[in-house]
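Asker: How does the following fold in three dimensions:
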Amino acid sequence: GKTYFLIDMKNIIAILGPTASGKTDIGIKLAKKIDGEIVSCDSMQIYKYMDIGTAKPKKEELDGIPYHLIDIVFPDEEFNAGIYRKMARNIIKDIEKRGKLPIIVGGTGLYFRTLRYRLHSIGKSDTLRKSFEVKAKKEGIESLYKELLILDPEYALSISKQDEKRIIRALEVIKISGQKFSTLSNTWAKKQDRDEFSNKFIVFILYKKREILYKDINKRVDKMIEDGLVNEVKDLRDMGYSKNLNSMAAIGYKEIINYLEGRYSLEDAVNLIKKNTRHYAKRQFTWFRKEEDAIWIDSEDKSRALNEILDYLREHSIVL
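Answerer: Numbers count the residues shown, from 1 in each chain. Next comes the predicted model:
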């Protein structure tokens, strides 16, 4: 295919979208055409040993394209959006120094927003957090979720009812700040929160019609099982990684752990992974809809989607 020359060096391209929207594939092809390097924006692909369930790109798929911020921490290491922001910004500067174009690829909306905008630093309260953790143990996470649903329905509906970490963090922030968590997270995108870096982004969001996306999600889950997801989870357990870790509570891993512990049949576990992934894709859309000045691209036909992105970059004199 045709090669493009980079003529405007001051941009950062972002290719975002829900799971199974074709981001990785399109991102790699774009990087090859315009001499780019990819910076992953995925809160699960950061973990070592977790390859199949996180749909990490394989070496042969990468075809020599540098793909940063995958495989950087062990499954029991602490990692969060703040650490991501720092690391990603440094890598982006380095890519720019080498005269290449940084391409952010991923589906973790919180990580992307943290990278692009300054985060409001909302304090922590260990006592509050502890009291919520104790309550979750005693009364179940459902009781805290119900509380969050009353205090901040918008945020509660955008996360999983079982996501203990996020539920507790949101309640902690609401109690400390007296404001809704959803309002605080929306204030990141305000103009005064921008630095020079925030304005460099050209954001493409990939989407597919719902029934096509759901079919592709189901196919992808079947392929993960075929590729050995069950053995991947067994290996992680054998290495001593506990099911209580944040990483192991991810979709695809927790369901297989429940299967291995005899709670579900394999068929039920697989159906649950499909269902949970579909719900997750819906939540990803909720995040991305708030992304300002994004260009939405139908990615059902990947090569057409790639051409649309290239046309946009050409029309805006970013590549030649």
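
Asker: which residues in the stretch 1-150 of the chain form helices?
Answerer: 23-34, 59-62, 81-97, 109-116, 126-139, 141-151 (DSSP state H, counting those that start in this stretch).

Asker: And those helices: which comes nearest residue 4?
Answerer: With CB to CB as the measure, helix 23-34 is the member of those nearest residue 4 (4.9 Å). Backbone N, C-alpha and C define where each C-beta goes, glycine included.

Asker: Restrict that closest one to CA atoms and write it as CSV.
Answerer: Extracted C-alpha coordinates of helix 23-34, given in CSV (Å, rounded to 0.1, in the frame of the first residue of the first chain):
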residue,chain,number,x,y,z
LYS,A,23,-8.9,-0.7,17.5
THR,A,24,-5.7,-2.8,17.7
ASP,A,25,-5.8,-3.9,14.1
ILE,A,26,-6.6,-0.5,12.7
GLY,A,27,-4.1,1.2,15.0
ILE,A,28,-1.2,-1.1,13.9
LYS,A,29,-2.0,-0.6,10.2
LEU,A,30,-2.2,3.1,10.7
ALA,A,31,1.1,3.2,12.5
LYS,A,32,2.7,1.3,9.6
LYS,A,33,1.4,3.7,7.0
ILE,A,34,2.3,7.0,8.8
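
Asker: Can you tell me how far residue 220 is from residue 281?
Answerer: Residue 220 sits 11 Å away from residue 281, going by CB to CB, to the nearest Å.

Asker: Can you name every helix or strand that the longest helix seen in the chain contacts?
Answerer: Looking across the chain with DSSP state H, the single longest helix is helix 266-289. Here helix 266-289 touches helix 109-116, helix 153-158, helix 210-226, helix 253-260, going by 3 or more CB pairs under 8 Å, 6 or more residues apart in numbering; DSSP states H and E.

Asker: what's the most buried one of those?
Answerer: Stretch with highest mean neighbour count among the helices and strands packed on helix 266-289: helix 109-116 (a mean of 23; mean count of other CB atoms under 10 Å).

Asker: Now do the same for that one: mean pLDDT, whole number.
Answerer: Regarding helix 109-116, the rounded mean pLDDT is 90.

Asker: what comes into contact with it?
Answerer: 14, 16, 41-43, 81-82, 84-85, 88-89, 104, 106, 185, 188-189, 197-198, 201, 284, 287-288, 291 (CB atoms under 8 Å, 6 or more residues apart in numbering).

Asker: next one: stretch 83-102
Answerer: Counting by CB under 8 Å, 6+ apart, 6, 9, 11-13, 31, 34-37, 39, 41, 43, 46, 68-69, 72, 104, 111, 114-115, 119, 197 sit against stretch 83-102.

Asker: So how do I select the buried members of these in ChimeraX?
Answerer: Entered in ChimeraX, the line below selects the buried ones among these, by 16 or more other CB atoms under 10 Å:
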select :6,11,12,13,31,34,35,36,37,39,41,43,46,68,69,72,104,111,114,115,119
